[in-house]
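Novice: mind folding the following:
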Amino acid sequence: MNSERDETKLNRFWERLGIPVCTLREARRVIELAFDNKQVVCMIGEAGIGKTHLWNQISEDREWDRVTLYLAHLEREDIGGIPFPSGNGSGTYDFLCEKTIKRVIDNAKPTLLVLDEWNRGEKAVMNAAFTLMESRRFGSYKLPDHVYIGAAMNPSESNYIVNEAEKDPAFRRRLIMLAVQSNVASFMEHARGRGDFHPTVVDYLEAQPTNLNDIAARDAGKVYANPAAWEKISDGLKAIDSRGEDLATMERTLLLWGGGIVGMQTMSTFIDFLKERAVFINPDEIISDYKKKARRKIMRLVKSGRNDALMETCESIAVALVGRRDTPEVKDHLGKVARNLGAFLKDLPSEATMGFLTKLGKHATDAGQDGTQFHLDLSEELSKGDDYQKAIERIGDAHDAVERDAEKSSSRL
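Specialist: Numbering: from 1, shown residues only. Here you go, the predicted model:
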């Protein structure tokens, strides 16, 4: 997967629009602030990263009803209403209102109305949606104050079939536009918690977090892994569990089924994970009690030269730490976590240690301000440990050795 190329593509849409980039977690805070002022937030992001799921989560937490209108599937009359003569001889007309929308208007319970696939609607539908946002009206019907509006769409770049509505200044004026990104740490936090993902999917993505979102397959026009696709895999595994079937006996069926959801290559690695779980190390084993639970496995990987598995493990630990930064087992025991982490880093080759520290910094930065603060707090705790100091000294020694070799080579020339 080529995440660097994807980031460059994404930069073109958020930089072109001059809008902020944030995680879904950060977007939620903005949305809740906007609701207090009856403002409309439009999340712009790649398909399958969790925009729709975030709207669902907000409505559930607030115990609101939720109605989603997919603008690509609507006609102008579905939003604007159908005019008919008033019948009183006045020469005026009223509007018939679409049934779903009438239920929203008549519902006394707070309701979240989501306008999805915004930039896939026909022009007449878009005009009606503008009226809805600006005047809070469906034809002649007024939206109650307890109806809140949200919006979502894909970017105009990539391979999406869209109408580039965001180029319209009237559109930009009426919305608070946010570019949202798929953040591995935030997704894993959700998957372990409220997302209630199947534990095998959680374990796999913690071991191989780069397989959460397969950008290269998406750009190549293939079926690709993404957060929404992994939710389908999770639901399917739960169904298999409920029937009492053994995943290990269903290799071919799982490959065919999952290959159509996340792609054949990714599903093959998932099945390999099922068969060879001993190769993959759960971050919990390192964070909670490294020497007792994971050191033997790590040393086997080091001795066998499995740098690929070591780097996957480093990635998974970095993601787990940032994703769990607010949980009691990490937040309330940061010193213990740092000691386990220091012992782990001391056992790694210097290049793997550097790789871990780089990945930890990246995921912490991606998680926003509180992620950055967590990184600072953890770094302070790490610096207190002898094991961590030895790991850093070894990196320095390796760097000095490289410089000496370079000087010798230069002197021979």
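
Novice: how near is residue 123 to residue 139?
Specialist: Note on residue 123: its distance to residue 139, by CB to CB, to the nearest Å, is 18 Å. (Glycine included, C-beta is placed from N, CA and C.)

Novice: quick one: which of these two has more around it?
Specialist: It is residue 139, of residue 123 and residue 139, that has more neighbours when counted by other CB atoms under 10 Å, with 21 against 10.

Novice: surely residue 90 is within a strand?
Specialist: No. Membership of residue 90 in a strand is not supported by DSSP: H, G, I helix; E, B strand; the rest coil, which gives coil.

Novice: neighbours of it, how many?
Specialist: 8.

Novice: mean confidence (pLDDT) on stretch 316-332, please.
Specialist: For stretch 316-332, the mean per-residue pLDDT is 89.

Novice: can you pull the buried residues of it?
Specialist: 316, 317, 318, 319, 320, 321, 322, 323, 324, 325, 330 (16 or more other CB atoms under 10 Å).

Novice: same question, stretch 249-268
Specialist: For stretch 249-268, by 16+ other CB under 10 Å, it's 254, 258, 259, 261, 262, 263, 265, 266, 267.

Novice: which ones are touching residue 251?
Specialist: Residue 251 is in contact with 271, 274, 275, counting by CB atoms under 8 Å, 6 or more residues apart in numbering.

Novice: make it 7 Å
Specialist: Residues in contact with residue 251, defined by CB atoms under 7 Å, 6 or more residues apart in numbering, are residue 271.

Novice: so how far is residue 271 from it?
Specialist: For residue 251, the distance to residue 271 (CB to CB) stands at 6 Å.

Novice: can you check residue 367 too?
Specialist: Taking CB to CB, one finds residue 367 at 31 Å from residue 271.

Novice: out of those two, which sits in the busier spot?
Specialist: Neighbour count, other CB under 10 Å: between residue 367 and residue 271, residue 367 has more, with 25 against 20.

Novice: now the more buried one: how far from residue 344?
Specialist: Counting by CB to CB, the gap from residue 367 to residue 344 is 21 Å.

Novice: with residue 247 instead?
Specialist: Separation of residue 247 from residue 344 (CB to CB): 30 Å.

Novice: so those two - more neighbours on which side?
Specialist: More neighbours surround residue 344 than the other of residue 247 and residue 344, with 27 against 16 (other CB under 10 Å).

Novice: which residues does residue 110 contact?
Specialist: Counting by CB under 7 Å, 6+ apart, residue 110 touches 62, 64, 146.

Novice: would you map the strands across the stretch 301-413 of the chain?
Specialist: Using DSSP state E, counting those that start in this stretch, no strands are found in the stretch 301-413 of the chain.

Novice: er, the stretch 51-200 of the chain I mean
Specialist: Under the criterion DSSP E, counting those that start in this stretch, the stretch 51-200 of the chain carries strands at the ranges 65-70, 82-85, 93-96, 111-116, 137-138, 141-142, 147-153, 176-181.

Novice: need those strands in TSV with distance to residue 371 and mean neighbour count, can you?
Specialist: Output for the strands of the stretch 51-200 of the chain, formatted as TSV (distance: least, CB to CB, whole Å; neighbours: other CB atoms under 10 Å):
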stretch	distance to residue 371	mean neighbour count
strand 65-70	29	17
strand 82-85	50	12
strand 93-96	49	14
strand 111-116	27	22
strand 137-138	41	20
strand 141-142	42	14
strand 147-153	24	23
strand 176-181	13	21
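
Novice: what about these, which gets the closest to residue 359?
Specialist: When these are compared by CB to CB, strand 176-181 sits nearest residue 359, at 16.6 Å.

Novice: what average pLDDT does that closest one get?
Specialist: Strand 176-181 comes out at a mean pLDDT of 89.

Novice: okay, the angle between it and strand 147-153?
Specialist: Using axes from the mean of the first three to the mean of the last three CA atoms, to 10 degrees, one finds that strand 176-181 and strand 147-153 are set 50 degrees apart in direction.

Novice: strand partners (parallel or antiparallel) of strand 176-181?
Specialist: With DSSP bridges as the test, strand 176-181 is paired with strand 21-23 (parallel), strand 41-44 (parallel).

Novice: among those strands, which comes closest to residue 352?
Specialist: Residue 352 lies closest, by CB to CB, to one member of those: strand 21-23, at 27.0 Å.

Novice: please name every helix or strand in contact with the helix or strand that the closest one is followed by.
Specialist: Note on strand 21-23: by DSSP states H and E, the next helix or strand toward the C-terminus is helix 24-35. Using 3 or more CB pairs under 7 Å, 6 or more residues apart in numbering; DSSP states H and E, the elements in contact with helix 24-35 are strand 41-44, helix 51-62, strand 176-181.

Novice: ok, residues contacting helix 24-35?
Specialist: Residues outside helix 24-35 that contact it (CB under 7 Å, 6+ apart) are 40-41, 43, 50, 54, 58, 148, 150, 176, 178, 180, 183, 186, 368.

Novice: distance of the spatially most central residue of the chain relative to residue 305?
Specialist: Centroid-nearest residue in the chain: residue 182, 3.2 Å away (criterion: CA atoms, centre = their mean). According to CB to CB, residue 182 stands 32 Å off from residue 305.

Novice: ditto for residue 121
Specialist: According to CB to CB, residue 121 and residue 305 sit 55 Å apart.

Novice: the more surrounded of the two?
Specialist: The neighbour comparison of residue 121 against residue 305 (other CB under 10 Å) goes to residue 121, with 27 against 10.

Novice: right, I'll leave it there.
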